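**Q** Sequence plus the predicted model coming up.
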Amino acid sequence: MKKSLILKQVLPAAFIVLSAAIFTYAQDGAAKQNVRPDHGPVPTAPATPVVDRDTKYSYEFTQPKFFIKHILLEHGTDGKGSISFERMNEDVPVVESFELSPAVLTKISSLWIALDFLNSQTDYQASQNFAHLGTMRIGMQQGERKRVAEFNWTHNDSAEALVNEYRKVTEQVMLVFDISVARENQPLNAPKLMEVMESLIKRNGLSDPKQLLPLLRDMSTDEHIPLMARNHALRIIKQIQK
């Protein structure tokens, strides 16, 4: 009973002392940080910056007289997205998913940052009009903020570099699609597609040829396609790995 009585007397007192110590420490900390107590509790650590992962980017190309008459590319900050493209005399667009390689994503992201796109009202259209070459639209959406810019020719270095990167991404996705169709239904087209791939690689027309290495290795052992195409795949592998 005595022990119980002592505990009942000591614990409240200890609690009062502890509370006073905590209150005094909080006041000292607030004073050191020049924060008024009535403004709320002082944070114990800096807030971690929040990355807006809902940001969406888009690239669109339109020229009804071209063989590839319409392209729409969309992706998020993680580099994953989809491409829709329409070919002349075809009513149904082809839709393919893709993922930008880390190197390409870094390059594209830096170009968007250089444009400061959502905060800018820059007109990227040059005084020259080359509508016959097609119209391009680049867009960005971040929450409720959205902007789309349209031009057919530009002298803005960052805008030009950005559409060129997206053009390379589109070329690579369409090429992979054509190869998959050839392997399944039109194997005799494979040699020609290998020639197209090599040509695009030589003129830096693909976004990241290293992404094609698994496909090329698989093609090099695919007996459904002509030997010429398999050997060509091996040669391209060596070119990419140099």
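**A** Okay, I see it.
**Q** From here on, just use CA atoms for contacts and neighbour counts.
**A** OK.
**Q** And stretch 77-95, end to end?
**A** Using Cα to Cα, to the nearest Å, the end-to-end distance of stretch 77-95 comes out at 20 Å.
**Q** roughly how far apart are the residue nearest to Asn231 when sequence neighbours are not counted and Lys242?
**A** Once flanking residues are discounted, Asn231 sits nearest to Ser220: 6.5 Å by Cα to Cα, 6 or more residues apart in numbering. The gap separating Ser220 from Lys242 is 18 Å, by Cα to Cα.
**Q** One more: Leu133?
**A** Leu133 is 35 Å from Lys242, by Cα to Cα.
**Q** Ala161 too?
**A** According to Cα to Cα, Ala161 stands 25 Å off from Lys242.
**Q** Those two: who's more crowded?
**A** Ala161 (14 against 5; other Cα atoms under 10 Å).
**Q** doesn't that one fall inside a helix?
**A** Yes: Ala161: assigned to a helix according to DSSP: H, G, I helix; E, B strand; the rest coil.
**Q** Pretty sure Ser110 is one of the things it touches, is it not?
**A** No: Ala161 is beyond contact range of Ser110, at 10.6 Å (criterion: Cα atoms under 8 Å).
**Q** so where is this protein shaky, pLDDT-wise?
**A** Along the chain, the model assigns pLDDT under 70 to residues 1-52.
**Q** Mind jotting down where the helices sit in it?
**A** 2-32, 102-115, 157-185, 190-202, 213-219, 227-241 (DSSP state H).
**Q** closest to Ile138 out of the ones you listed?
**A** helix 157-185 (7.8 Å; Cα to Cα).
**Q** quick one, the closest one and helix 190-202 angle?
**A** Angle between the axes of helix 157-185 and helix 190-202 is 160 degrees (criterion: axes from the mean of the first three to the mean of the last three Cα atoms, to 10 degrees).
**Q** which other helices and strands contact helix 157-185?
**A** Helix 157-185 sits against strand 94-99, helix 102-115, helix 190-202, with contacts defined as 3 or more Cα pairs under 8 Å, 6 or more residues apart in numbering; DSSP states H and E.
**Q** what does the domain assignment say about the protein?
**A** Domain ranges of the chain: 52-163, 186-242, per automatic domain parsing.
**Q** rewinding a little: highest average neighbour count across the helices and strands packed on helix 157-185?
**A** Greatest average neighbour count among those goes to helix 190-202 (a mean of 17), per mean count of other Cα atoms under 10 Å.
**Q** Lovely, talk soon.
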